[in-house]
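In: could you work out the structure for the sequence below:
(one chain, ligands or ions: 2)
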Amino acid sequence: MSELVFFSGTMDCGKSTLALQIEHNRSARGLIGMIFTRNDRAGQGKLSSRLGLVTDAVEVEDDQDLYAYLVEHLSQGRRADYVIADEAQFLGPGQIDQLARVVDDLGLDVYAFGITTDFRSKLFPGSQRLVELADRIEVLQVEALCWCGARATHNARTIGGEMVVEGAQVVVGDVNQSAGEVGYEVLCRRHHRRRMTAAAARAAALSPDVLPVSTT
Ligand SMILES: Nc1ncnc2c1ncn2[C@@H]1O[C@H](COP(=O)(O)OP(=O)(O)O)[C@@H](O)[C@H]1O
Ligand SMILES: Cc1cn([C@H]2C[C@H](O)[C@@H](COP(=O)(O)O)O2)c(=O)[nH]c1=O
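Out: Ligands and ions are numbered 1, 2, ... in the order given. A predicted model of the protein is given here:
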């Protein structure tokens, strides 16, 4: 039975790397994948991992019908044995329904990869629909860690290391950005709730308020 699988996790937990590994293992056995992506940091029509691997992909546009795209592709006599969709949080809910239809009506496995929640810990619409429709949800085994050492479960958006809670849901970016730039940091829920990024924790540790009081 073909499946719609949602591989989810925080930013920087290895989702794109796993997508590229699935693609590599299947293409090594002669299978041909249809690879979709949207807004990858490496640019239009790319699926890239922080480990340095990158492959070409179909850049999904607003309102593009992914089911119709695959039917057209197959009806031209071209092959697609399975589908990979990276940055799936950026797909619209209707496009996730189309991917489910690819599984049910075309009999192809669809592997979708994405973050579940945004910087305000709210579901992305595409991820919400994946949670609703997926046959399986897989949480990646390599744990991204909060600065405190706990498992990171949330994505914070930062400016100059400070967590921000206002702004557009979609702002393409990366972890470990230099000071002043919009970036992201993965945190445990406790520190996401307290808006305590690594920089804020360092500043608090250096604050005179928390230094030991001299008795002399
Ligand atoms: N220099 C490095 N050495 C080893 N592993 C690394 C290095 N840089 C990144 N990684 C691994 O790559 C992961 C990020 O992979 P990536 O597929 O880009 O993440 P995602 O798609 O989930 O954002 C990190 O969590 C880490 O495990
Ligand atoms: C939390 C959050 C993230 N994004 C963007 C930032 C990156 O471009 C991608 C996630 O990519 P990754 O491969 O999983 O690191 O999503 C965003 O637009 N809005 C957010 O709230």
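In: in contact with residue 174, which residues?
Out: By C-beta atoms under 8 Å, 6 or more residues apart in numbering, the residues touching residue 174 are 41, 183, 184. To be clear about C-beta, it is placed using only N, CA and C from the backbone, and glycine gets the same treatment.
In: show me what the lowest-mean-pLDDT helix or strand in the chain is packed up against.
Out: The helix or strand of the chain with the poorest confidence is helix 198-206; it has a mean of 91 (mean pLDDT, DSSP states H and E). Packing partners of helix 198-206 (3 or more C-beta pairs under 8 Å, 6 or more residues apart in numbering; DSSP states H and E): strand 162-164.
In: and the helix or strand following the strand it packs on, what does it pack against?
Out: With elements assigned by DSSP states H and E, the helix or strand that comes after strand 162-164 is strand 182-187. Using 3+ C-beta pairs under 8 Å, 6+ apart, the elements in contact with strand 182-187 are strand 154-159.
In: wait, does the strand it packs on make contact with ligand 1?
Out: No. Strand 154-159 stays clear of ligand 1 (C-beta under 6 Å from any ligand atom), getting no nearer than 9.9 Å.
In: elements contacting that strand?
Out: For strand 154-159, the packing partners by 3+ C-beta pairs under 8 Å, 6+ apart come out as strand 162-164, strand 182-187, helix 189-193.
In: that one: which residues count as buried?
Out: Under the neighbour-count criterion of 16 or more other C-beta atoms under 10 Å, strand 154-159 has 154, 155, 156, 157, 158 buried.
In: want to try JSON lines for those residues, with pLDDT as columns?
Out: Formatted as JSON lines, the buried residues of strand 154-159 follow (pLDDT from 0 to 100):
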{"residue": "154", "pLDDT": "98"}
{"residue": "155", "pLDDT": "98"}
{"residue": "156", "pLDDT": "98"}
{"residue": "157", "pLDDT": "98"}
{"residue": "158", "pLDDT": "97"}
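In: if anything else comes up later, I'll come back, but that's it for now.
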